[in-house]
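Colleague: Test case, fold it:
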Amino acid sequence: MSNTKVLPLLEPDAAEAVPPCCPPLTERPLSAEEAERTAAMFKALGDPVRLRLFSLVASHEGGEACVCDISDVGVSQPTVSHHLKKLKEAGLLASERRGTWVYYRVEPSVVAAMAQMLKIA
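Modeller: Residues are numbered from 1 along each chain as shown. Okay, the predicted model is just below:
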């Protein structure tokens, strides 16, 4: 008999969900609120360690990564946790605790909205 247990995926609470970013830059000027929200996302990605962590999660097999698999980015573990927290606060990553490990995944709707905003042509 196996000790393996299948756990259901949890949907984020509506309060935690990050609203889509903004319309394409060429469509209309951003409102103050849209600019604030968008700046927070780009600011989170403006740090080289955060951008690398984001890339590691995004490119990881299965679309999610255990913090134990992505912590070798040249900084200490507490610093990795800090940067992952900032990416999560910006709405770029979602996380789920499984036992003693935390698994991160990219929030595809937010990334798609950011890509749409930057679409010029």
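Colleague: In this protein, which residue is most central in space?
Modeller: Centroid-nearest residue in the chain, with C-alpha atoms, centre = their mean: Leu93, separated by 1.9 Å.
Colleague: That residue reaches Leu87, doesn't it?
Modeller: Yes. Leu93 is within contact range of Leu87, at 4.5 Å (criterion: C-beta atoms under 8 Å). Every residue, glycine included, has its C-beta placed from N, CA and C.
Colleague: Now for these two: what residues contact both?
Modeller: Counting by C-beta atoms under 8 Å, 6 or more residues apart in numbering, the common neighbours of Leu93 and Leu87 are 54, 104.
Colleague: wait, what's in contact with Gly74?
Modeller: Taking C-beta under 8 Å, 6+ apart, we find Gly74 in contact with Val49.
Colleague: What helix or strand is it located in?
Modeller: For Gly74, there is no enclosing helix or strand under DSSP states H and E.
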